[in-house]
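K.L.:
sequence plus predicted model, see below.
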Amino acid sequence: MISNPETAPSEQAGKGTSTDPLRAGTGVGHRLYGSDLFWSALRERWRLIVGVFVVTVGTAVVLTLLQAPRYRASASLVVTPDPQIKDTTDFTRGLETLERRTIVATLASIPFTRETHGTAAKALGWSFEQLEPYDIRASVVTSTNVIKVEVEGPHAEHVAEIANAVAEVTATQGHETYPVYILRPLTKAVSADKPFLPQPSRNYTLAAMVGLFLGLTGALTVEYLRS
């Protein structure tokens, strides 16, 4: 049978332009962008967003509950020339030397030493090993001659006791190092009412933000690749 020459080209053209159902179903050639992509991701991938959000916040809750409480207490000392100095010239020279900051910085290093820790532990009736769970450090308050001794650890009452003991030892050793100066107690450490770590509200807020970001990012990526 001879086909009609007038219809053959049109049939061939029809075959050549037929749409692949698989290709059409995936939407190739119709990428979504901007607000269209965003709303499509929310509509089609909301389960992914919620799932990532819940997992992230749930993980933060578990880790926060497992975190051991940490307490903080601090005592402070002010460095001044020894009032026992009778010579006005020596007293004035002592004040001028403090302005160079090297004296105060040197004195602020005393609370970090093992000797100071051992002496403080002995004053408390502790062994040196009992101080290991506690972080002891010191710093100079900006633009002052005040040294702040700070202690962090697992027990509220003990951090205050250690801070005060270290401050007393620092005052004694500081005067022995620089006899023309004294380290006078400015504030005493007191037991903390509540731990500074963990901070549930901060942890949960950050987890919610991260979970929402990861969920939206994942949903947008999946929707873009599938569009």
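P.N.:
Here it is on my side, so go on. Numbers count the residues shown, from 1 in each chain.
K.L.:
the top strand by length along the chain - contacts with which helices or strands?
P.N.:
Ranked by residue count, the top strand of the chain under DSSP state E comes out as strand 71-81. Contact here means 3 or more CB pairs under 8 Å, 6 or more residues apart in numbering; DSSP states H and E; on that basis strand 71-81 packs against helix 88-98, helix 102-108, strand 146-153, helix 156-177, strand 181-187. Where you see a C-beta, it was placed from the backbone N, CA and C, and this is true even at glycine.
K.L.:
and of these, who's closest to Pro133?
P.N.:
For the helices and strands packed on strand 71-81, distance to Pro133 was read as CB to CB. The smallest value, 5.5 Å, belongs to strand 146-153.
K.L.:
strands paired with that closest one, and their directions?
P.N.:
strand 71-81 (antiparallel), strand 135-140 (antiparallel) (DSSP bridges).
K.L.:
any idea of the mean pLDDT in the longest one?
P.N.:
So the one you mean is strand 71-81. Averaging pLDDT along strand 71-81 gives 95.
K.L.:
in that strand, which residues are buried?
P.N.:
71-79, 81 (16 or more other CB atoms under 10 Å).
K.L.:
could you do the shortest one as well?
P.N.:
Of the residues in strand 135-140, those with enough neighbours to count as buried (16+ other CB under 10 Å) are 136, 138, 140.
K.L.:
verify the stated contact: the second one with Thr170.
P.N.:
It stands for Ala138. Yes: between Ala138 and Thr170 there is a contact at 7.3 Å, judged by CB atoms under 8 Å.
K.L.:
what sits in contact with each of those two?
P.N.:
Both Ala138 and Thr170 are in contact with 110-111, 147, 149, where contact means CB atoms under 8 Å, 6 or more residues apart in numbering.
K.L.:
can you list those in a markdown table and add neighbour count, pLDDT and distance to Ser35?
P.N.:
Shown next, in a markdown table, are those (neighbours: other CB atoms under 10 Å; pLDDT from 0 to 100; distance: CB to CB, whole Å):
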| residue | neighbour count | pLDDT | distance to Ser35 |
| --- | --- | --- | --- |
| Ile110 | 23 | 97 | 62 |
| Pro111 | 27 | 97 | 58 |
| Ile147 | 27 | 97 | 58 |
| Val149 | 30 | 98 | 57 |
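K.L.:
tell me the one of those residues nearest Arg100?
P.N.:
Ile147 (15.7 Å).
K.L.:
quick one, domains of the protein?
P.N.:
Using automatic domain parsing, the domain ranges for the chain come out as 35-67+198-227, 71-187.
K.L.:
max-length helix in the protein?
P.N.:
helix 200-226 (DSSP state H).
K.L.:
what packs against that helix?
P.N.:
By 3+ CB pairs under 8 Å, 6+ apart, helix 200-226 packs against helix 34-44, helix 46-66.
K.L.:
chain center to the last one, what's the gap?
P.N.:
Same thing as helix 46-66. 20 Å (CA atoms, centre = their mean, to the nearest Å).
K.L.:
relative to helix 34-44, how tilted is that helix?
P.N.:
Calculated by axes from the mean of the first three to the mean of the last three CA atoms, to 10 degrees, helix 46-66 forms an angle of 70 degrees with helix 34-44.
K.L.:
okay, buried residues for helix 46-66 please.
P.N.:
48-49, 52-53, 56-57, 60, 64.
K.L.:
wait, what's in contact with the nearest residue to Leu48 once chain neighbours are set aside?
P.N.:
Closest residue to Leu48 apart from its sequence neighbours, by CB to CB, 6 or more residues apart in numbering: Ala219 at 5.1 Å. Applying CB under 8 Å, 6+ apart to Ala219 gives the contacts 41-42, 45-46, 48-49.
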